[in-house]
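> Provide a 3D model corresponding to the input given below.
(2 chains)
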Amino acid sequence: MSEHNQLTDGKKMALSQADVLAGLKEIVEEVAGIPAASIEMEKNFTEDLEVDSLSMVEVVVAAEERFGVKIPDEAVTDLVTVGDAVNFIVNAAK
Amino acid sequence: MSDRRVVVTGLGATTPLGGDVATTWPALLAGTSGVRLLTEDWAQTLPVHFAARVAVEPSEQMERVEMRRLDRSEQFAVIASREAWKDAGSPDIDKERLGVVIASGIGGVTTLLDQYDILREKGARLVSPHTVPMLMPNGPAANVGLELQAKAGVHTPVSACASGAEAIGYALDMIRNNRADIVVSGGVEAAIHAMPMSGFAAMKALSTRNDDPARASRPYDLNRDGFVLGEGGGILVLEEYEHARARGAKIYCEVVGQGLTSDGYHIAAPDPDGSGVQRAIKFALRDAGLTTKDIVHLNAHATSTPAGDVAEANALRKALGADADHVAVSATKSMTGHLLGGAGAIESVFIVKTLQDRLAPPTINIDDLDPAVTVDVVRDKPRALPAGDIAALNDSFGFGGHNVVLVFKSL
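Predicted coordinates:
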C-alpha cells in the first residue's frame, strides 16, 4: 500500500481497471474537452487527445487527488497512452 | 518618413455595452450606461459596490475548455480579435507579415490572485500549470498571435491606462517601418476583483456613488467623484493601405499619426500644467501632417476624476487654441467606465465608428458642467460631424505620467 492511500482513512483501495478508466475519462474531458466516450485505453494523450504538456500536469494532479496515488514526474513521461496511465494507477494503488 | 500609409480594415470589441461592435456602438450613441452593482459578496465589503462588467460573459462566446486555459483578459482579447479578424475579411496573408500588438494595464491579475488563494489554501501542488501563461501581461497578445499564427512579432506595451492607445501606435510603427503588412492591435483589461479595486479605492480614485451606479461615471460634471472600473477590450486590424486595396478590403479610415510623451511629474497625479499632453498633441499632428484646423472630434481620456478631467481639458484648450471651438469632445467613459489598458483601444474603435457614421457619441451624466471645462463637450445626444475630409484624436494617459495621442482621418 502506498503512503498516499493513507489519505483514504488507511483503507486499502483496490482499484479496477474499469474504475480508473472511467475516472480518467472524466478528468480528461474536464481538462481537455475531449468527450469521455471517445477516450479509450489505446488513445495517445498528445496525438489523439491533444493533451499538451501543461494539461498533462493537470491530468496527473487530478488523478493523484482522485485515486489517492502518487505519480512521480519521472513516471509521467512514460504515460503515453490512456492505458499506460490506467495501468500505472491500478498498480500504484495495490 | 515612411511612405507606407496605414488604414483600419477590421474592428472588434467586447464592452460593458455589448459583446461586439454591432451592439456596443448603437448603445453608445443611445447614451446607455454599462455600470452596474456587483452582486458578489466581496463587493459588499469594499467602499465601492459597482463596476462596468462586460455585457456578454465570455462563457457565451467561447468553449469551456478554451476558457479555462485563458485569463479573463486573454478571453476578451481572443473574442474581440476573432470579431475584428472576421470583420477584416479573414485576410489570407503571409504569416511572417502579420503582427499582433495587444496591451493590458495590469495583466492576468485575477489569475494571479485566485492561484495565490489556492497556494495558501491547498498548497503548491494544486497551483495550475497554466498560471504563468495566464497571468503574464503579454498573454492576451500571445494567445491572439498563436491563434492567427502571427510571425512578424507579438508585442505588449504597458503604460497603465495609456496601454491600449500605445499598442495601436506601436502597430502603426510596425507597418510604417515595413515589419508587417497587417497588425492586430488593441487593448484589454479584466481587473474587477476585490484586490485591485481596493487599491484604486485606497487612492481615492474610484467613485463611491453606491446609491446610483449608472450615474457614477460623470466626466466634466461638477460633482464627479472618481472613475468607475470597467472591463473588456477593443481590437483594430491595421493594414498597409496598398495591401488593403489590393485585396479589395473594406477600409474604415486611416491612422495618420501618433504622439507620445511623459510628464516627469508624479507617479499618479496629472501634471496640472498639462504640458506633456500638449506636446503629445503637437507631435501627433506633426506626424499626421495635419493642423488643429483639421480636427473635428476628440474622444477624451476624461475618467471622471476631479483633478484629471480639468487638467486634460485645460491642456486640450491650450494645444488646440481657438480651433478647440470646432472640436466635438466626447467622454465615452461616462457609459463604459474606465477599461484601464483597454480604454484607449475601445475609444479608438469608437473613433473609427464616429468617422464612419459622422456622429460623435454623447457624454452622459453631466448635470452641471464644471465651469473649469472650456472645451466643447458633446452632451446627452450624439452630434453630427461635418462632411468632407475630417480627422479625430484619441488621447490616453496612464499612471506613471504616460501621454499617448492617436490621429485618425476619414478616407
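> Who are the contact partners of B:Glu239?
Applying C-beta atoms under 8 Å, 6 or more residues apart in numbering or on different chains, we find B:Glu239 in contact with B:6-9, B:88, B:91, B:175, B:181-183, B:249. Placement of C-beta: from N, CA and C, glycine included.
> Looking at those residues, which is nearest B:Val378?
Nearest to B:Val378, judged by C-beta to C-beta, of the contacts of B:Glu239 is B:Val8 at 21.8 Å.
> Filter the contacts of B:Glu239 down to the ones in strands?
B:6-9, B:182-183 (DSSP state E).
> quick revisit: same list (the contacts of B:Glu239) but as TSV, adding pLDDT and neighbour count.
Putting these into TSV (pLDDT from 0 to 100; neighbours: other C-beta atoms under 10 Å in any protein chain shown) gives the following:
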residue	pLDDT	neighbour count
B:Val6	98	25
B:Val7	98	25
B:Val8	99	30
B:Thr9	98	25
B:Ala88	98	26
B:Pro91	98	17
B:Ile175	98	27
B:Asp181	98	25
B:Ile182	98	30
B:Val183	99	31
B:Ala249	98	20
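> average pLDDT across stretch B:145-157?
The average pLDDT within stretch B:145-157 is 98.
> I meant stretch B:199-207, not that one.
Mean predicted lDDT for stretch B:199-207 stands at 97.
> list the buried ones in it?
B:200-201, B:205-207 (16 or more other C-beta atoms under 10 Å in any protein chain shown).
> same thing with stretch B:157-174?
B:157-174.
> ok, and of those residues, which contact chain A?
By C-beta under 8 Å from any C-beta of the partner chain, no member of those lies near chain A.
> can you list contacts of stretch B:69-76?
A:54-55, B:14, B:54, B:58, B:62, B:67, B:78, B:104, B:107-108, B:110-111, B:130, B:133-135, B:139-140, B:143, B:188-191, B:231-233, B:342.
> List only buried entries from these.
Buried among these by 16+ other C-beta under 10 Å: A:55, B:14, B:54, B:58, B:67, B:78, B:104, B:107-108, B:110-111, B:130, B:133-135, B:139-140, B:143, B:188-191, B:231-233, B:342.
> quick one: the closest residue to B:Lys250 other than its chain neighbours from chain A, how far?
Distances taken as C-beta to C-beta, 6 or more residues apart in numbering or on different chains put B:Thr9 closest to B:Lys250, at 6.4 Å, once the chain neighbours are dropped. Noted for B:Thr9: a distance of 32 Å to chain A, by C-beta to the nearest C-beta, to the nearest Å.
> Let me know the average pLDDT across stretch B:306-317.
On average, stretch B:306-317 scores 96.
> Just the buried residues of it, please?
Neighbour counts using 16+ other C-beta under 10 Å place B:308-317 of stretch B:306-317 among the buried residues.
> With stretch B:53-65 instead?
Buried, per 16+ other C-beta under 10 Å, within stretch B:53-65: B:53-56, B:58, B:61.
> Out of those, the closest to B:Val256 would be?
Using C-beta to C-beta, B:Val54 is the member of the buried residues of stretch B:53-65 that sits closest to B:Val256, with 30.6 Å.
> Check the gap between the closest residue to the closest one other than its chain neighbours and A:Asp73 for me.
If you skip the residues right next to it in sequence, B:Val54 has B:Gly232 as its closest partner in space, 4.7 Å away by C-beta to C-beta, 6+ apart. Using C-beta to C-beta, to the nearest Å, B:Gly232 is found at 40 Å from A:Asp73.
> that older thread, return the per-residue confidence for the residue nearest to B:Val54.
98.
> Next up, the contacts around it.
B:Gly232 sits in contact with B:13-16, B:54, B:76, B:80, B:188-189, B:336, B:339, B:342, B:346, where contact means C-beta under 8 Å, 6+ apart.
> gap between whatever residue of chain A ends up closest to chain B and B:Gly233?
Of all residues in chain A, A:Gly33 sits closest to chain B, at 2.9 Å by C-beta to the nearest C-beta. Distance of A:Gly33 to B:Gly233, given as C-beta to C-beta: 24 Å.
> cool, B:Met197 as well?
For B:Met197, the distance to B:Gly233 - C-beta to C-beta - is 19 Å.
> Need the CA coordinates for stretch A:59-75. CSV is fine.
Provided in CSV are the C-alpha atoms of stretch A:59-75 (Å, rounded to 0.1, in the frame of the first residue of the first chain):
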residue,chain,number,x,y,z
VAL,A,59,-4.5,15.4,-15.5
VAL,A,60,-1.8,13.9,-13.3
VAL,A,61,-2.6,16.1,-10.3
ALA,A,62,-6.3,15.5,-10.7
ALA,A,63,-5.7,11.7,-11.0
GLU,A,64,-3.5,11.7,-7.9
GLU,A,65,-6.2,13.5,-5.9
ARG,A,66,-8.9,11.3,-7.2
PHE,A,67,-7.3,7.9,-6.8
GLY,A,68,-5.0,8.6,-3.8
VAL,A,69,-1.9,7.6,-5.6
LYS,A,70,1.4,9.3,-6.3
ILE,A,71,2.6,9.7,-9.9
PRO,A,72,6.2,10.8,-9.8
ASP,A,73,7.4,13.2,-12.5
GLU,A,74,9.8,10.7,-13.9
ALA,A,75,6.9,8.3,-14.4
